[in-house]
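K.L.:
What follows is a predicted structure for the sequence shown.
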Amino acid sequence: MGCVCSSPCPNSDNSDGDVKNRHKYGTQNDANQLELSETKTAKFGGVTLRYGLLSQRGFYPDESDKPNQDSYSITNDIANEASDAMFAVYDGHGRHGDLCAQYARDHLPTLVSNYSKKMKRESRRRRSASNNASVGGEPNNTSTRSTSTSKNNRKDSLTRDQIETACSIAHKSCNVAMHREPALNDSLSGTTAISCLFHGDENRIVVSNVGDSRAVLGQKIDRTTNNKSAKDTGDGDNSTNAKNANVAQSYRALPLSSDQTPYRGDERKRIRATGARILSLDQIEGVEPILDDDDKYSSCDQFLLGEVIDEGGDPPRVWSPHGDYPGTAFTRSFGDSIAERLGVFAEPEILVRELMPEDRIIVLATDGVFEFLTNQSVIDICAKFDDPLEACRAVVAESYELWLQFELRTDDITMICIFVDSIDGKTVSPAERVTISNGGATDEHETPPTPSDSRPVRSGISKNAEKALMEMKDRLIDDTDEVPESFDIKAHHTVKTDDEETRISEAINSVSMLKSLTPKQKEMVIGLMEPITVKKDDWIIRQGTVGDRFFIVDDGCFEVRKVPQGDGDKTGTGGTVVHTYNGTELNRYPTFGEFALINSKPRAASVVAKTDGKLWALHKYSYREIFANADEHETKVTTNGDVRETNETPKGDEHETTGTPKGDEDETKGTSEIEDKEESSKTKTNGTPDEEESLKIS
């Protein structure tokens, strides 16, 4: 899948080889998800840490075999130093984006190591020349010679300027080499990269960024609060009061990189200096007016950390003055030789930071993670777990489900999570902790920007997704005559507890095609959701068959399995696990299969119960009846299962909420055993929830 990793650190206690560079540049892997089999522990100089990583291939309905264009690398012994290691993620784009990401993965860490070694050799040479000059007139001064020899034999440690120079040259050299690679066409393809170099003996990290992937630091904060029930003795002795104090722990997200996109004023200025245009797709197509200078995006420069806006999935892009290309939504990258003429280059912005005891979590992730999640949200999720690999799984699952809530597809998502367990050795003053360099890209008198989000987090469905859903709903109205006369909507109604109704409401509010229903229509949907109890290994839906239900995960764990196009399910297991829905994690109620409500396409994957659990299911005919009658009258299913009609005009949902992130709203599922059951096996209620018999999968 184009996402592999360099060899594991030799000072790791779990060097079982499952992070080896298993695939050479240019190869692909059919797997949709890759992760470490378990969390790794390592020590770099004075820094002891644990790390996990996970890469999830995106869901592309029209490109089921599209490779994962993300890659990552974990490289130890940078510059032959056991205390130095480099973690990095790469996000490819364009037709050959996966190959560009793999190329950067295979070459950038080596170049950083080589240029670091070169810097050390130059330092030794200068130091040796200086020592020789100082003792040149004193041949018998054995004490001086002994001192100089001791200095030359000491462990080499690069200065901040040296490590910044080595990283900057390495990034630019990798970009030049990519252009020259004959087997790789990078004219309209490329990759971003974010890396974190641990300079262990200095308790230092060096973050290099090219593009819009991101590095975030989670800083632990202890807040002491007094117990309100404690009594102040008033005698000046605070020991008793201290015993009654509570320590509340939380984490603050600090950006270690700035997204290099046209949202940033300094990047827009630099790009426009080449003659390039910066416009959204709607502006290119004439849907929105082209405003003067920065009128459209100038306010974006004032974004606060974690601020959320809705730009409809149509960000500003870089365009040639001579045509509608290349349209990159970032201002720096590897490759992209055509865009490079417009200022889209591989000059990295570099941050050097001394790690402090409160620095506990480091996240490196591609932009797919941060499309709908703020830095603080990501750190908050990570802080809920003691295992960084579990943290990766939770963040990636949350991101994946949010993509499907607001889009008809998902991006590739890759994340490395590092938990810093301890930091030994020296400390530095706050003024010395952080230095920032932008690789010489700013003007002579300009200060490099302080790391920030630099890109808004989306909070709504994209314009393209909204248009596609409306088209499908229009087709649905035309197809309502397909509902068979024998379909009895009353048989699908069940009584639910208030808690069950609340959970279902939260779930449907996160589904794009359901959240726009009127309050009364949503009430009908809740009533028509049928309870289904499942056992471990039950098949919910099968790839290749036409489904007829939409599902909500109330409890349990369910695996999405996919057989590659053209291959048969030779093992009978449903193929590779590409995603997991967990209804017990973070109070989430994932959903899947909603496209079955409005079209009759074959399911693109299977869903199998990994554990015992419970689902809620809505039949497509129930949904069509609700939707088709919306403009004429309201069909109301009462609590006793009777159907009545009113002439009330449905009102808009004035208090609509986004709700909980949902699961797969795509066709990434297949038809289920439930969907194959005869109508006669459906469960009916006698009015009491406890007496309802849940439908079981045969």
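P.N.:
It's in.
K.L.:
okay, CA-based contacts and neighbour counts for the rest of this
P.N.:
Noted.
K.L.:
can you list the weak-confidence ranges in the stretch 351-500 of the chain?
P.N.:
The stretch 351-500 of the chain contains residues with pLDDT under 70 at 425-434, 438-481.
K.L.:
How about the stretch 101-250 of the chain?
P.N.:
Along the stretch 101-250 of the chain, segments meeting pLDDT under 70 span 133-156, 223-248.
K.L.:
And the strands in it, which stretches?
P.N.:
190-199, 204-210, 214-226, 245-255 (DSSP state E, counting those that start in this stretch).
K.L.:
Which helix in the chain has the most residues?
P.N.:
If you go by DSSP state H, the chain has its longest helix at helix 97-135.
K.L.:
what is the orientation angle of that helix with strand 190-199?
P.N.:
With axes from the mean of the first three to the mean of the last three Cα atoms, to 10 degrees defining the directions, helix 97-135 sits at 40 degrees from strand 190-199.
K.L.:
List the buried residues in helix 97-135.
P.N.:
Neighbour counts over helix 97-135 (16 or more other Cα atoms under 10 Å) mark 97-117, 119-120, 123-124, 128, 131 as buried.
K.L.:
what's it packed up against?
P.N.:
strand 70-76, strand 84-93, helix 142-153, helix 160-180, strand 190-199, strand 334-335 (3 or more Cα pairs under 8 Å, 6 or more residues apart in numbering; DSSP states H and E).
K.L.:
so which of these is the most packed in?
P.N.:
strand 334-335 (a mean of 32; mean count of other Cα atoms under 10 Å).
K.L.:
pLDDT on the helix or strand following it, on average?
P.N.:
Sequence-wise, the next helix or strand downstream of strand 334-335 (DSSP states H and E) is helix 337-340. The average pLDDT within helix 337-340 is 97.
K.L.:
hmm, who's touching helix 337-340?
P.N.:
Applying Cα atoms under 8 Å, 6 or more residues apart in numbering, the external contacts of helix 337-340 come out as 179, 186-188, 318, 320, 326, 328, 345.
K.L.:
repeat that for 6 Å
P.N.:
Helix 337-340 is contacted by residues Ser187 when judged by Cα atoms under 6 Å, 6 or more residues apart in numbering.
K.L.:
what angle separates the helix or strand that that helix is followed by from strand 204-210?
P.N.:
The helix or strand immediately downstream of helix 337-340 is strand 349-354, counting by DSSP H and E. Strand 349-354 and strand 204-210 are oriented at 170 degrees to each other (the same axes, to 10 degrees).
K.L.:
Could you spell out the sheet neighbours of strand 349-354, each with its direction?
P.N.:
As defined by DSSP bridges, the strand partners of strand 349-354 come to strand 204-210 (antiparallel), strand 434-437 (antiparallel).
K.L.:
what's the angle between it and helix 160-180?
P.N.:
150 degrees.
K.L.:
switch to numbering from 35
P.N.:
Yep, numbering from 35; the last one is strand 383-388 now.
K.L.:
Downstream of strand 383-388, the next helix or strand is which one?
P.N.:
Next along the chain after strand 383-388, taking DSSP H and E as the criterion, comes strand 393-399.
K.L.:
List the contacts of that next one.
P.N.:
247-253, 448-454.
K.L.:
and Arg387, bridged to which residues?
P.N.:
Beta-bridge partners, per DSSP bridges, of Arg387: Ile239, Val468.
K.L.:
ok so, going back, ranking the strands paired with strand 383-388 by burial, who's on top?
P.N.:
strand 238-244 (a mean of 27).
K.L.:
Just put the helices and strands packed on helix 131-169 in JSON lines and tack on distance to Glu593.
P.N.:
Formatted as JSON lines, the helices and strands packed on helix 131-169 follow (distance: least, Cα to Cα, whole Å):
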{"stretch": "strand 104-110", "distance to Glu593": "22"}
{"stretch": "strand 118-127", "distance to Glu593": "26"}
{"stretch": "helix 176-187", "distance to Glu593": "56"}
{"stretch": "helix 194-214", "distance to Glu593": "38"}
{"stretch": "strand 224-233", "distance to Glu593": "30"}
{"stretch": "strand 368-369", "distance to Glu593": "36"}
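K.L.:
Figure out which of these is closest to Arg375.
P.N.:
strand 368-369 (11.3 Å; Cα to Cα).
K.L.:
which helices and strands sit right next to that closest one?
P.N.:
strand 224-233 (3 or more Cα pairs under 6 Å, 6 or more residues apart in numbering; DSSP states H and E).
K.L.:
nearest to Asp582, of the helices and strands packed on helix 131-169?
P.N.:
Across the helices and strands packed on helix 131-169, Asp582 has its closest neighbour in strand 104-110 (34.0 Å, Cα to Cα).
K.L.:
pull the CA atoms of that closest one into PDB?
P.N.:
Extracted in PDB, the C-alpha atoms of strand 104-110 (Å, rounded to 0.1, in the frame of the first residue of the first chain):
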ATOM      1  CA  ASP A 104       1.000   7.900   2.600                       C
ATOM      2  CA  SER A 105       4.300   6.600   3.900                       C
ATOM      3  CA  TYR A 106       6.300   6.800   7.000                       C
ATOM      4  CA  SER A 107       9.800   6.000   8.300                       C
ATOM      5  CA  ILE A 108      11.500   5.400  11.600                       C
ATOM      6  CA  THR A 109      15.300   5.500  11.200                       C
ATOM      7  CA  ASN A 110      17.800   4.900  14.000                       C
END
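K.L.:
partners of it in the sheet?
P.N.:
Partners of strand 104-110 in its sheet, by DSSP bridges: strand 118-127 (antiparallel).
K.L.:
got the angle for the strand it pairs with vs strand 393-399?
P.N.:
30 degrees.
K.L.:
Please state the mean pLDDT value computed over strand 118-127.
P.N.:
97.
K.L.:
what's in contact with that strand?
P.N.:
Against strand 118-127 from outside (Cα under 6 Å, 6+ apart): 103-112, 132, 135, 223-234.
K.L.:
which residues touch Gly608?
P.N.:
Contacts of Gly608 by Cα under 6 Å, 6+ apart are 595-596.
K.L.:
before we move on, the earlier item: tabulate the strands of the stretch 135-284 of the chain (a markdown table), appending distance to Ile542.
P.N.:
Formatted as a markdown table, these follow (distance: least, Cα to Cα, whole Å):
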| stretch | distance to Ile542 |
| --- | --- |
| strand 224-233 | 35 |
| strand 238-244 | 38 |
| strand 248-260 | 31 |
| strand 279-289 | 31 |
